[in-house]
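> the sequence isn't on hand, but the structure is:
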């Protein structure tokens, strides 16, 4: 509850902040809070990823973007009403969808009934890896992880082309 | 930053431990939290910290741009190559059982694909950072 309150405070601070540097730093704090929430939920692997990627890497990349662009937010030139209405409608739809979810942590939830128990019981026997998260990611669902690696590869190549392409043309 | 003694000594002290922690996260991912993705980001963080403190040229002597840019496709090739090894031996794509016997084969398969993820992620993160820095010059 404390963590969620702090999350709300950080979000409001981000909304009120006009300096983009402040926004970037606050979003780093937000990522660290999310990582703490994930630790509280016993999802250490995801928490480690969030802390290293969300709070570390994206912070560095956002700061280096700020190095290239202006560092204060410009005033919106259009009315805020349509985005506000969209945000409210989408938010309400998400809240409405959570109402039909099974209760939090319920053992009867479909995700705990499908293949989960099999992975938990057979992981050490079949793969020799005690951390079930690793065995699911790299063995049972390896095809998905190959896709994720390819996504990182593609995104990295894309950003490099965007950032480096124009400089070379200018040099000619 | 060239003359900030505390920062330079502190960074110098902490750099090997960051790399060691990345390797720990990589190779201990079978037993505790972690894996190739997190380890790759932590290893890239070491290079970035080095370039923040000692300048981009020092960092590029340790991790040259050509090297990190080759790491980006190399990791995907390691991963996909592990999969194709299964195909070549007459099994399904990404079937690790061709690599050895029993559970050991799958452990080895997991090790290989995690190494692939590490190489791609570390390479991508470093190249992105280099691309941003060189654009800003």
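Structure received. Given the structure is predicted, the values throughout are model-derived calculations rather than measurements.
> can you pull out the low-pLDDT segments for chain A?
Across chain A, residues meeting the criterion (pLDDT under 70) sit at A:76, A:165-172.
> can you give me the neighbour number for residue 86?
I went with chain A, as the question did not name one. Residue A:86 has 10 neighbours, counted by other CB atoms under 10 Å in any protein chain shown. Just so you know, the C-beta spots here come from the backbone N, C-alpha and C atoms, and that holds for glycine as well.
> correction: the question concerned chain B.
Neighbours around residue B:86, by other CB under 10 Å: 18.
> now it: which helix or strand?
Applying DSSP states H and E as the criterion places residue B:86 in helix B:65-88.
> same check on residue A:24?
For residue A:24, the host element (DSSP H and E) is helix A:20-40.
> does that helix come close to chain B?
No. If you take CB under 8 Å from any CB of the partner chain as the test, helix A:20-40 misses chain B, and the best it gets is 9.7 Å.
> cool, stretch A:156-164 as well?
Yes. Stretch A:156-164 is in contact with chain B by CB under 8 Å from any CB, via A:156-157, A:159-160, A:163-164.
> before we move on, what about stretch A:114-132?
Yes. Stretch A:114-132 reaches chain B (CB under 8 Å from any CB) through A:124-131.
> just to revisit the earlier point, and the next helix or strand past the helix holding residue A:24?
Sequence order places helix A:44-49 as the next helix or strand after helix A:20-40, per DSSP H and E.
> just give me how far that next one sits from the chain centre.
11 Å (CA atoms, centre = their mean, to the nearest Å).
> in it, which residues are buried?
By 16 or more other CB atoms under 10 Å in any protein chain shown, the buried positions in helix A:44-49 come out as A:44-49.
> for stretch B:64-80, same thing?
Using 16+ other CB under 10 Å as the burial criterion, the residues of stretch B:64-80 that qualify are B:68-69, B:71-72, B:74-76, B:78-80.
> do the helix or strand that the helix holding residue B:86 is followed by and chain A meet?
The C-terminal neighbour of helix B:65-88 among helices and strands, as given by DSSP H and E, is helix B:102-136. Yes. Against chain A, helix B:102-136 shows contacts by CB under 8 Å from any CB at B:103-104, B:106-107, B:109-110, B:113-114, B:116-117, B:120-121, B:123-125, B:127-129, B:131-136.
> swap in stretch B:51-63?
No. Judged by CB under 8 Å from any CB, stretch B:51-63 makes no contact with chain A; its nearest approach is 8.6 Å.
> what is the rounded mean pLDDT of that stretch?
The average of the pLDDT scores along stretch B:51-63 is 88.
> can you list contacts of it?
Under the contact criterion CB atoms under 8 Å, 6 or more residues apart in numbering or on different chains, stretch B:51-63 has outside partners B:1-2, B:7-8, B:11, B:47-48, B:50, B:126, B:129-130, B:133-134.
> mind listing what residue A:106 touches?
Per CB under 8 Å, 6+ apart, neighbours of residue A:106: residue A:112.
> in what helix or strand does it lie?
Per DSSP H and E: residue A:106 is located in neither a helix nor a strand.
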